[in-house]
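[1] Could you look at this predicted model? Sequence included:
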Amino acid sequence: MSIDNYEELQKFIDLNEHYRTYLDEHNNTRPDGRKFHENRSIQILKKFLQHSYGSSMIRFGNTTVICSITGQLAKPSLKSLRSGFIQTVVLLPRTQAWSTYGRRQQIINENLTLSQHLLDIIYKSKLINLEDLCIEEGKWVWCLQIDFQCLNNDGNLFDSCLLALNVALHHTYFPTVKIDPDTQKPLVYTKELKHFQYNQQQEPLCCTIAVYEYEQEYKYLIDPTLEEENIAKCILHYVLLKNDQICLIHKTSGAPFSIDKFHQCYSFAREYILELRRKLNQ
Amino acid sequence: MTETISQINENDTSIFSCLHCKLSPISKATGSATFTLNDSLCTCLLNGPGELRQQQDAINRLQVDITFQARPGNNNTNSTSTKDKLIEQWLETLVRSTVLMEYYPRSQINIVMYEEQNLSGEATILACLCNTLCLTMLDANLPMKYAFAAVPIVQHPTKGLLSLPKTKDELASTSYFVFVFEITLNDILATHASGDFDMKILEQAISIAQPIARQIFQFYRQELEKRLT
């Protein structure tokens, strides 16, 4: 990290102070040039991994996330003989921790919370029905493994992971599996690929808003970078489905909110996600 | 499917039947509390501002260390599952924003939370944990900006929005909301809402939850008064 000029030195010593002085000079813009409600440029890359059934890469400015979906055959649990399994794992490499102290713990925490959020969203929005993963009842089911590899963490991992998941699922192809009637073993035909059936109607997409307090009022920073996430008083995640129903609202503690602030953030989230959907359907 | 707000013709005493609390069950700790909300029971203990380990960085503020131990036996491993980690991180932000961190530079507090019983789903246990945490911090006499209380609300397919739901109702519900209110302005400090709903239902849920939060604060006051007399 270079400390060449005065601005970078100020950022290193006290990020909060740097942000405040920047907002004092330039009204309504953040240090990377965006307005408060603007998102970063989004780049989408589909189907580029050869060994996984579905994959995608998303870039939100500098944040880069690769989503890769594979499946394994497994025996279903005795509790529900028709359901498959879904495992989401978020991997943030150790070099991406933003501070030197407590690096390992911080990485582990961020990975686990994000993995759990994504799994919750998949179940609650019924994006993937566990019964669809069944090959033969009581004998063989798919165990869907969804990996998110974060190559670069510049804030807003939640949005990028969820968008990557949507893009990857859209282009996932599973090999057909037939059960051999003589030996009862599954035969996997890797050349006969069929499109993965999932609930395309729901398209859960997230909007992350960092709340920053400036001059006694709250500024809502949409699509925050890593620095903005660190100085924010609290962070809001709104996950909306295609029909504008809310799937998840997660607000961390820090800035007390009244009902109208929730409405305000909801309207920001709706506009932002509308633009994401346009990008997704291109 | 028509959704109606369930009529709450409760007087003060009926919500107090869902709440029970015992302060300082663990005498060795700086502060501890056991709290019951319907069918969920949690214990929390806090070891007050003490010395900081060499590697940790706490420049001029308090270092907060929270551990959440779920009921062992549900999952096969001993380590914390991802769901527990999510709860832990959320509660950590709650502690960080409540405690006046600048008063204790270069010190740390250790908080351990145990979930002892949870028969219903996620909403009640989350709310129970938040309330236990607040009572523990009050019991330990940590300087706090405000006290907070969490209210669980679920959306039942036939009965509409229910607050402080019974186990049977909660297991049948589709979405749940947990709001953490603070005592000064009754504003929402933190939320975790999951399911399938829209802003109107959220608004209804908040308006149901606010008077209940006030009753929970009254309950805190009663418990602390009992301890001091």
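    Ah, there it is. Treat the numbers as computed from the prediction; the structure is a model and nothing was measured.
[2] alpha carbons only for contacts and neighbour counts from here, please
    OK.
[3] contact partners of stretch B:61-76?
    B:49, B:52, B:57, B:78, B:80-81, B:84-85, B:87-88, B:91-92, B:95-96, B:101-117 (Cα atoms under 8 Å, 6 or more residues apart in numbering or on different chains).
[4] Out of those residues, which sit inside helices?
    Those of the contacts of stretch B:61-76 mapping onto helices are B:84, B:85, B:87, B:88, B:91, B:92, B:95, B:96, per DSSP state H.
[5] of the residues you listed, closest to residue B:135?
    Taking Cα to Cα as the measure, residue B:135 lies nearest residue B:95 of these, at 12.1 Å.
[6] ok now do the closest one, which residues does it touch?
    Contact analysis of residue B:95 by Cα under 8 Å, 6+ apart lists residue B:64.
[7] Need the pLDDT of it.
    Turning to residue B:95, the model gives it a pLDDT of 91.
[8] which is the next helix or strand following the lowest-mean-pLDDT helix or strand in chain B?
    Within chain B, no helix or strand scores below helix B:12-16, which has a mean of 65 by mean pLDDT, DSSP states H and E. Counting by DSSP states H and E, the next helix or strand C-terminal to helix B:12-16 is strand B:19-23.
[9] which residues touch the next helix or strand after that following strand?
    As assigned by DSSP H and E, the chain's next helix or strand after strand B:19-23 is strand B:31-37. Outside strand B:31-37, the residues that touch it by Cα under 8 Å, 6+ apart are B:18-26, B:41-48, B:124, B:128, B:131-133, B:135-141, B:164.
[10] so where's the chain uncertain?
    All of this is about chain A. Filtered on pLDDT under 70, chain A yields the residue ranges A:1-3, A:94-104.
[11] nope, chain B please
    In chain B, residues with pLDDT under 70: B:1-13, B:54-58, B:73-80.
[12] Tell me where it has strands.
    Counting by DSSP state E, chain B has strands at residues B:19-23, B:31-37, B:40-51, B:63-69, B:107-118, B:148-156, B:160-163, B:175-182, B:188-197.
[13] Can you redo those strands as CSV, where the extra columns are mean neighbour count and distance to residue A:257?
    CSV is the format used below for the strands of chain B (neighbours: other Cα atoms under 10 Å in any protein chain shown; distance: least, Cα to Cα, whole Å):
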stretch, mean neighbour count, distance to residue A:257
strand B:19-23, 18, 26
strand B:31-37, 25, 25
strand B:40-51, 21, 27
strand B:63-69, 19, 24
strand B:107-118, 19, 26
strand B:148-156, 26, 13
strand B:160-163, 23, 20
strand B:175-182, 26, 9
strand B:188-197, 23, 5
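[14] Next to chain B, which bits of chain A? Give me the list.
    Contacts of chain A with chain B, taken as Cα under 8 Å from any Cα of the partner chain, map to A:101-102, A:109, A:112-113, A:115-117, A:124-125, A:244-259, A:263, A:266.
[15] Buried members of these into ChimeraX, please.
    In ChimeraX syntax, the buried subset of the residues of chain A next to chain B is picked out as below (16 or more other Cα atoms under 10 Å in any protein chain shown):
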select /A:109,112,113,115,116,117,124,125,244,245,246,247,248,249,250,251,252,253,254,255,256,257,266
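[16] Counting neighbours, what do you get for residue A:6?
    Neighbours of residue A:6 under the rule other Cα atoms under 10 Å in any protein chain shown: 9.
[17] From the ones in helices among the contacts of stretch B:61-76, pick the one nearest chain A.
    Proximity of the ones in helices among the contacts of stretch B:61-76 to chain A (Cα to the nearest Cα) peaks at residue B:85, which lies at 6.1 Å.
[18] need the residues of chain B near chain A, please.
    Within chain B, the positions near chain A by Cα under 8 Å from any Cα are B:55-57, B:82-83, B:85-86, B:89-90, B:93-94, B:96-98, B:182, B:187-199, B:203, B:206.
[19] show me what contacts the residue in the stretch 1-150 of chain A that chain B sits nearest to?
    Nearest to chain B in the stretch 1-150 of chain A, going by Cα to the nearest Cα, is residue A:113, at a distance of 4.7 Å. Each residue near residue A:113 by Cα under 8 Å, 6+ apart is listed here: B:82, B:83, B:85, B:86, B:89.
[20] before we move on, what SS does the closest residue to the third one other than its chain neighbours have?
    Going back to what we said before, that points to residue B:85. Residue nearest to residue B:85 in three dimensions, not counting chain neighbours: residue A:113, with 6.1 Å by Cα to Cα, 6 or more residues apart in numbering or on different chains. What DSSP: H, G, I helix; E, B strand; the rest coil gives for residue A:113 is helix.
[21] can you check residue A:90 too?
    For residue A:90, the assignment made with three-state DSSP gives strand.
[22] Repeat that for residue A:66.
    Residue A:66 ends up strand, using three-state DSSP.
[23] Check the gap between it and residue B:177 for me.
    Using Cα to Cα, to the nearest Å, residue A:66 is found at 32 Å from residue B:177.
[24] Please apply the same query to residue B:222.
    In terms of Cα to Cα, residue B:222 sits 26 Å off from residue B:177.
[25] go on, residue B:186?
    To residue B:177, residue B:186 is 17 Å away according to Cα to Cα.
[26] Repeat that for residue A:208.
    Distance from residue A:208 to residue B:177, by Cα to Cα: 19 Å.
[27] Which residue lies nearest the spatial centre of chain B?
    residue B:130 (1.4 Å; Cα atoms, centre = their mean).
[28] do the same with chain A
    Nearest to the geometric centre of chain A sits residue A:161, at 2.5 Å (Cα atoms, centre = their mean).
[29] Surely that residue and residue A:67 touch.
    Yes. With contact defined as Cα atoms under 8 Å, residue A:161 counts as touching residue A:67 (7.2 Å).
[30] Identify the contacts common to the two.
    Joint contacts of residue A:161 and residue A:67 (Cα under 8 Å, 6+ apart) are residue A:148.
[31] ok, now how distant is the closest residue to residue B:68 other than its chain neighbours from chain A?
    Of all residues not flanking residue B:68 in the chain, residue B:113 sits nearest, at 4.8 Å (Cα to Cα, 6+ apart). As judged by Cα to the nearest Cα, to the nearest Å, residue B:113 and chain A stand 17 Å apart.
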